[in-house]
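Trainee: I need the structure of the sequence given here:
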Amino acid sequence: MVTAQFSSASLVRAYVCADPERMRITAANLGDSGFAIIRKGDIIYKSRDLQHTFNTPFQLSIVPKPLSANIGDHPSAARLSWHQCEPEDTIILATDGLWDNMSLESIVDVIETSLSIEDAGRSLVDMAKQISLDNMKVTPFGLAARAVGRLHYGG
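Mentor: From the prediction side, this is the model:
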């Protein structure tokens, strides 16, 4: 018996122009991965998820021929955006593993209190994982689930 398998992923891609005259981010976002721009402790921009319905994000997919169903989304469905930057801006590109488990305020707090951007990155990964395993934690995903009438606890 042959079992057909397929894979899919959401995507965020950003190009940062570091030329002091034209500091700018050009981004393409598809699904529930995303990015945020933080400037001096303030959230300047946070990308929005692209979802068909709650917890059904747009996905790029590789589907084997036996399935050949219309599974997945086309890259042209990505949301494009352009943002001006400043030299000390922090840009976070992350999957739903971060966004579903940590509030933007918590993320900013970790960045602002870390000794380096590397330490902030490690701390964010560790904290998001720890929160995801806590069934009693109130998370952004849990709040979004409740907003559409679903009960969800933890990350």
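
Trainee: Contact partners for A28?
Mentor: The contact partners of A28, taken as Cβ atoms under 8 Å, 6 or more residues apart in numbering, are 11-14, 75, 78-80. Where C-beta positions appear, they are placed from N, C-alpha and C, glycine not excepted.

Trainee: Apply 7 Å and report the result again.
Mentor: Shown in contact with A28 (Cβ atoms under 7 Å, 6 or more residues apart in numbering): 13, 78, 80.

Trainee: JSON lines for those residues, including pLDDT, distance to I38 and secondary structure?
Mentor: Conversion of these to JSON lines gives the following (pLDDT from 0 to 100; distance: Cβ to Cβ, whole Å; DSSP: H, G, I helix; E, B strand; the rest coil):
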{"residue": "R13", "pLDDT": "80", "distance to I38": "19", "secondary structure": "strand"}
{"residue": "A78", "pLDDT": "93", "distance to I38": "22", "secondary structure": "coil"}
{"residue": "L80", "pLDDT": "93", "distance to I38": "21", "secondary structure": "strand"}
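
Trainee: Of those residues, which is the most crowded?
Mentor: Most neighbours among the contacts of A28, by other Cβ atoms under 10 Å: A78, with 20 neighbours.

Trainee: Check the gap between it and T53 for me.
Mentor: Applying Cβ to Cβ, to the nearest Å, the value for A78 to T53 is 19 Å.

Trainee: Only the buried residues of the strand or helix carrying L143, if you could.
Mentor: Assigned by DSSP states H and E, L143 belongs to helix 140-147. Applying a neighbour-count criterion of 16 or more other Cβ atoms under 10 Å, the buried positions in helix 140-147 are 140-142, 144-145.

Trainee: count of residues packed around E88?
Mentor: The tally of other residues near E88 (other Cβ under 10 Å) stands at 8.

Trainee: how near is it to G31?
Mentor: Going from E88 to G31 by Cβ to Cβ gives 29 Å.

Trainee: Show me how the record splits this protein into domains.
Mentor: Per automatic domain parsing, the domain ranges recorded for the chain read 1-94, 96-155.
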